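**Student:** I would like to see how this sequence folds:
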Amino acid sequence: MNPTFEELKLYTESVLTAVGVGAEAAAETADVLVTTDAMGVFTHGTKLLSGYVRKLQGGGYRSDVSPLIERQGPGWAVVDGQSALGQVGSQFCIDLAMEKAADVGVAYVGLRNTGHIGAAGYYTQKAARQGFITMVTGNDMPSVAAPGSKGPVLGSNPIAYGAPVPGQNPINLDIATAAVAGGKVYAAHQRGEQIPDSWLIDRDGKPTSDGSLYPANASLAPMAGHKGYGFGLWCEILSGALPGGHMTWDIGSWMFDPTDQPSYHNAGFMVIDTKVIADADGYATRMHKLIEEIHAVETAEGVEQVILPGEREWASVAQSLKTGIDLPADVRAKLAETLELVENQPAWLQQ
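**Tutor:** Numbers count the residues shown, from 1 in each chain. The predicted structure follows:
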């Protein structure tokens, strides 16, 4: 049985409130996680919930605080997440960035000292749907090799962007600057699947297809070699160096560190208000023309149409809203770890 979007969201909220998260923060976090599942990005959806719960129960993540603006100007701000859930801090920051950009056109908000933020692409699509071209970056403890290194140098730092398309779903890209997100290595290994040898670099600096080596004895390969390394460094600068957050090895692991320790994650949010900078009709015309041109290009054999970033995810959302969210077995297993926190077990999660 597949849960509906609302069923999964209500369950996620109930788990979070059971461990002390306030109703508003629980709803904000649940919307990020469940929307991510509906988009088909199961590595960053409700599969993370049990890990967040353990961190909240241990005190490393706090449920009794709210994001705090440390300093700000008309088009920028630095926010202390106070070790609350990363989704709470990120929702606060993207809303703040949009508010500022609506006044001055462009805004940057840096979020430091927060929890794991989940899918960066959730925040870019949220802002894009409100007319903002958006970029979100994050940083993490090192797990990704640099060209020529034998060990990790940077985190699998995410970078996402969203662009509004009037009358349509936004263009939305969300990628790790590693060859693949670490969660995909874990998921493949848990399912007993062999991974491509382009995903990991062993301790000798050589490619490996042994997923069991990660993370203790292997690093993620950087996306597209030196190009991914460069973008990972860009994320580190915008997310950590600029707002004054922790960087590289000073960031903790929200999955493997003791649950009473903060993870000190950070993120950067940059937004451009198209309604301030561009003529509305002209912008819409140009975006539609661009999309039509891409959709109309001649395709290779077996390919129906070239698609834009986000189109696969919006198709998944539409299907999820129609037939429920088809949660993989590994996600259901992780959700089952939280059943003891709710009074009424949902039928769709019963084994």
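
**Student:** Need the mean per-residue confidence for stretch 6-15.
**Tutor:** Across stretch 6-15, pLDDT averages out at 97.

**Student:** got the buried residues for that stretch?
**Tutor:** 7-15 (16 or more other Cβ atoms under 10 Å). Just so you know, the C-beta spots here come from the backbone N, C-alpha and C atoms, and that holds for glycine as well.

**Student:** Now flag whichever of those residues is closest to His265.
**Tutor:** Thr12 (19.9 Å; Cβ to Cβ).

**Student:** Could you verify that that closest one is part of a helix?
**Tutor:** Yes - secondary structure assignment places Thr12 in a helix (DSSP: H, G, I helix; E, B strand; the rest coil).

**Student:** That one against Leu33, yeah?
**Tutor:** Yes - assessed by Cβ atoms under 8 Å, Thr12 is found in contact with Leu33 at 5.8 Å.

**Student:** Spit out the residues that contact the two alike.
**Tutor:** With contacts taken as Cβ atoms under 8 Å, 6 or more residues apart in numbering, Thr12 and Leu33 have 46, 49 as neighbours in common.

**Student:** coming back round to it: please identify which pair of the buried residues of stretch 6-15 lies farthest apart.
**Tutor:** Farthest pair in the buried residues of stretch 6-15, by Cβ to Cβ: Glu7 and Val15, 12.9 Å.

**Student:** Give the burial count for Ala329, as a bare number.
**Tutor:** 9 (other Cβ atoms under 10 Å).

**Student:** Same check on Ala146?
**Tutor:** 20.

**Student:** check contacts around it.
**Tutor:** Per Cβ under 8 Å, 6+ apart, neighbours of Ala146: 153-154, 222, 229.

**Student:** Show me which positions of the helix or strand where Leu49 lies end up buried.
**Tutor:** Using DSSP states H and E, Leu49 sits within helix 49-58. In terms of neighbour count (16+ other Cβ under 10 Å), helix 49-58 has its buried residues at 49-56.

**Student:** elements contacting the next helix-or-strand element following that helix?
**Tutor:** Tracing the chain C-terminally past helix 49-58 and defining elements by DSSP H and E, one meets strand 68-73 next. Here strand 68-73 touches strand 76-80, going by 3 or more Cβ pairs under 8 Å, 6 or more residues apart in numbering; DSSP states H and E.

**Student:** CA atoms only: put the strand it packs on into PDB for me.
**Tutor:** C-alpha atoms of strand 76-80 as PDB (Å, rounded to 0.1, in the frame of the first residue of the first chain):
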ATOM      1  CA  TRP A  76      21.800  40.100   2.900                       C
ATOM      2  CA  ALA A  77      21.800  38.300   6.300                       C
ATOM      3  CA  VAL A  78      23.700  35.800   8.300                       C
ATOM      4  CA  VAL A  79      21.500  33.400  10.400                       C
ATOM      5  CA  ASP A  80      22.500  31.100  13.300                       C
END
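
**Student:** what pairs with it, and is each one parallel or antiparallel?
**Tutor:** strand 68-73 (antiparallel), strand 106-114 (parallel) (DSSP bridges).

**Student:** and for it, what are the contacting residues?
**Tutor:** With Cβ under 8 Å, 6+ apart, strand 76-80 has contacts from 67-72, 89, 92-93, 96-97, 100, 107-113, 243-244.

**Student:** Separate out the buried members of these.
**Tutor:** The buried subset of those (16+ other Cβ under 10 Å) comprises 67, 89, 92-93, 96-97, 100, 107-113, 243.

**Student:** Let me see the ranges of the helices in the stretch 201-350 of the chain.
**Tutor:** For the stretch 201-350 of the chain, the helices defined by DSSP state H, counting those that start in this stretch cover 226-236, 274-277, 280-295, 311-323, 329-336.

**Student:** could you dump those helices to JSON lines with mean pLDDT and distance to Met141?
**Tutor:** Supplementary listing: the helices of the stretch 201-350 of the chain in JSON lines, determined by pLDDT from 0 to 100; distance: least, Cβ to Cβ, whole Å:
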{"stretch": "helix 226-236", "mean pLDDT": "97", "distance to Met141": "11"}
{"stretch": "helix 274-277", "mean pLDDT": "97", "distance to Met141": "35"}
{"stretch": "helix 280-295", "mean pLDDT": "98", "distance to Met141": "37"}
{"stretch": "helix 311-323", "mean pLDDT": "97", "distance to Met141": "27"}
{"stretch": "helix 329-336", "mean pLDDT": "94", "distance to Met141": "21"}
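
**Student:** Buried deepest among those, which one?
**Tutor:** helix 226-236 (a mean of 20; mean count of other Cβ atoms under 10 Å).

**Student:** Counting by contacts, list what it packs against.
**Tutor:** strand 132-139, strand 144-145, strand 152-154, strand 158-165.

**Student:** got the angle between it and strand 158-165?
**Tutor:** 80 degrees (axes from the mean of the first three to the mean of the last three Cα atoms, to 10 degrees).

**Student:** May I see the buried residues of the lowest-mean-pLDDT helix or strand in the chain?
**Tutor:** Among the helices and strands of the chain, helix 182-190 carries the lowest confidence by mean pLDDT, DSSP states H and E, at a mean of 84. Neighbour-count burial for helix 182-190 flags 182-189 (criterion: 16+ other Cβ under 10 Å).

**Student:** go on, stretch 150-166?
**Tutor:** Quick answer for stretch 150-166 (16+ other Cβ under 10 Å): 151-165.
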